[in-house]
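Trainee: Whatever this is, show me its structure:
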Amino acid sequence: MREKGSLGRSRRTLAVIAIAGIALGVMLAGSGSASAATYPEAVLLVSGFDTASPYSTPDPSCDGKEGPEWDPAGGIARTLKPAGLKVFTAPVRQTGGALLPPCAGQGELLPPADAVIDSNGETDVNGGALARLIGFLGDEYGVERLHVVGHSDGGLWSRSAITQDGAYAGVEVVSLTTLGTPHTGSLVADLAIELDGGKCDFSSEIEQLICDGVIQVAQLMLKDLGKVATSELTNGFLTGWNPKQRIGSCPVTGIGGNHVGFNFPGLRYYIPNDGAVGIASALGESALDIDGSSIPAPGIPNFIPGGTYDVVHSDTLSFLSSQNLLNTQAISNEVKDTVLANATGAASCNVGAGERDAAPVQHGVPLYRLASPNRRGRLPRPDDGEFVVAKRNVTVKCGRNTLESSTFGSFERMRLFEPFGCDKRLRVTRSKGEGAAASAKAKRRRAKRRKALLLDRADRNEVTVTHDGDDVRIKVDGARVRSLRAVAWAGGVRERLALDGDGEAALPSGGQRTWLRIRAETKPGWVVSTGHTILSR
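Mentor: You can find the predicted model right below:
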């Protein structure tokens, strides 16, 4: 009997232990699932180049701990959270710097080290880190639908992460909002990457004038970011990078700053701008480069202009204005309204491609000519929509009428002339210093120094560049091309490509990122150029 009673008690004990174990398991499972299901729809804030942001979760204990980028007065985190949105911030640190203290609620996990973004690093490496962070949010926080808000380069990292969506199966990115993101490049980066010893040293007078205007910001960019990261913000690099990105028909909203300069048709890549990024780039528009080449749009299927504001890019440019893209209440309200409006959308940014395609990249770019004055100071008769860029001490006339000019944004040494309605050849003269007593030789010498260019759209031709690994093919369609040449440079070494009869050539060896400039002549005086195209390999 004792054995039977002992056995019964043992069975009862085992039953109690089993029930207790099941109950504990349910409690733990319930706790884990509650944590995972807490944020099925969330917002992720991604700061930009040369910034530092902590990782933070939507837990109330993290209010006010989202870091200097996202929590200033009038800032975005302070605006989104009271609207009921669940906000995470991505961990971002500067090269060699320590992570800012993270914030997570009790029992909430911190992301792994490979999900931390280096704000001075390469675009696609950071995109991969961000993709792993999104996967972590899905696995550990139950995020199923995610709205991403990226400032500056954070918008590019976000697009790269969307392309690398194989890292976060089960999470849908349903909207992307960008603030001052250089979708087609940064005018400051374009010039910074070509600075020779930290000084402006360009053969093109127009580029020289622009560089003089932004050299201080350009030097800061090179110092803080380094050459590799800066080069990936140029329009040449992004012309090659954009076609490789994959994104669905989700809404992508771009917001930009226009504090510097004024609106001038065709040059919105340069002016107006927020001190670092032009409006055309921030709003995902095609534009005209200063050398006359085309800067193509990024090719985002559902890009929505979200407005422009009288602000600068970031706090770094506070010497220009105290208001920037991250501390202006009107912009924060726009971001909030955009995210809320997209909360019920069905379209996904994900396209299920996983990694980017390895197929050859092909893009077409319209050609433009740059006509300079002849020895008599004459320019061709302009068409509507064309304009003249000239030095400050140059006068441009249509017949006897002097054309009105305006300054090129904050670059006081440059003038812009729009010869609308002029049906005569233009005449370029110097405003000062050409006295009647000057010798004919001196006048000719001065005429050569009349720095002015008529930017003329050459719609009769289009160049197509196809690059695959170490090979490139250049094809020019349209009017007959008398001569075609291309110069590539990588690692500081310039090399003229040996194009064969089909326009094919091998790029410089070494697998480095390559800058390419293409020039063609279609008839005497018609020298056209694509400007710089960066081929990423």
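Trainee: hey, let's count contacts and neighbours off CA atoms from now on
Mentor: Noted.
Trainee: Quickly note the distance from residue 506 to residue 155.
Mentor: Distance of residue 506 to residue 155, given as Cα to Cα, to the nearest Å: 33 Å.
Trainee: Please apply the same query to residue 238.
Mentor: For residue 238, the distance to residue 155 - Cα to Cα - is 13 Å.
Trainee: what touches both of the two?
Mentor: residue 183 (Cα atoms under 8 Å, 6 or more residues apart in numbering).
Trainee: quick revisit: who has more neighbours, residue 506 and residue 155?
Mentor: In this view residue 506 and residue 155 are compared by other Cα atoms under 10 Å, and residue 155 has more residues nearby, 29 against 16.
Trainee: now what about the helix or strand hosting that one, what contacts it?
Mentor: Per DSSP states H and E, residue 155 falls inside helix 153-163. The contact list for helix 153-163 (Cα under 8 Å, 6+ apart) reads 46-49, 123-124, 126-131, 148-150, 173, 176-179, 181-183, 233, 245-247, 349-351, 353-356.
Trainee: ok so residue 338 is a helix residue?
Mentor: Yes. Judged by DSSP: H, G, I helix; E, B strand; the rest coil, residue 338 forms part of a helix.
Trainee: What is the burial count for it?
Mentor: Residue 338, neighbours per other Cα under 10 Å, totals 19.
Trainee: for the one 4 residues further on, same thing?
Mentor: Here the neighbour count serves as a burial measure; for residue 342 (other Cα under 10 Å) it reads 16.
Trainee: OK, contacts around it?
Mentor: Neighbouring residues of residue 342 by Cα under 8 Å, 6+ apart: 174, 175, 251.
Trainee: so which of these comes closest to residue 415?
Mentor: residue 251 (38.3 Å; Cα to Cα).
Trainee: I figured the closest one hits residue 175, correct?
Mentor: Yes. Counting by Cα atoms under 8 Å, residue 175 is a contact partner of residue 251 at 5.3 Å.
Trainee: before we move on, the earlier item: of the contacts of helix 153-163, select the buried ones using a ChimeraX command.
Mentor: Remark: buried members of the contacts of helix 153-163, expressed as a ChimeraX selection using 16 or more other Cα atoms under 10 Å:
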select :46,47,48,49,123,124,126,127,128,129,130,131,148,149,150,173,176,177,178,179,181,182,183,233,245,246,247,349,350,351,354,355
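Trainee: Mind jotting down where the strands sit in the stretch 251-400 of the chain?
Mentor: Secondary structure of the stretch 251-400 of the chain (DSSP state E, counting those that start in this stretch): strands at 252-257, 287-288, 294-295, 303-309, 361-371, 378-379, 387-391, 394-398.
Trainee: Show the average pLDDT along the second one.
Mentor: Averaged across strand 287-288, pLDDT comes to 80.
Trainee: go on, the third one?
Mentor: pLDDT averaged over strand 294-295 equals 76, rounded to a whole number.
Trainee: distance of residue 122 from residue 99?
Mentor: 18 Å.
Trainee: Settle it for me: which of these two has more neighbours?
Mentor: Neighbours per residue, other Cα under 10 Å: of residue 122 and residue 99, the larger number sits with residue 122, 18 against 15.
Trainee: just to revisit the earlier point, quick check: next helix or strand after the helix holding residue 155?
Mentor: The helix or strand immediately downstream of helix 153-163 is strand 172-179, counting by DSSP H and E.
Trainee: Export that following strand to CSV, keeping only CA atoms.
Mentor: C-alpha atoms of strand 172-179 as CSV (Å, rounded to 0.1, in the frame of the first residue of the first chain):
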residue,chain,number,x,y,z
GLU,A,172,7.3,44.7,-45.7
VAL,A,173,8.7,48.1,-46.2
VAL,A,174,5.6,50.0,-47.1
SER,A,175,6.9,53.6,-47.5
LEU,A,176,10.1,55.6,-47.6
THR,A,177,10.4,59.3,-46.8
THR,A,178,13.6,61.1,-47.5
LEU,A,179,14.9,64.4,-46.3
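Trainee: now it and helix 153-163, what's the angle there?
Mentor: 160 degrees (axes from the mean of the first three to the mean of the last three Cα atoms, to 10 degrees).
Trainee: Residues in contact with strand 172-179: which ones?
Mentor: Taking Cα under 8 Å, 6+ apart as the rule, strand 172-179 contacts 144-152, 154-155, 158, 162, 250-256, 282, 325, 335, 338-339, 342-343, 345-350.
Trainee: The protein: helices as residue ranges?
Mentor: 2-36, 76-80, 123-141, 153-163, 187-192, 205-225, 227-231, 235-241, 279-282, 329-341, 440-448 (DSSP state H).
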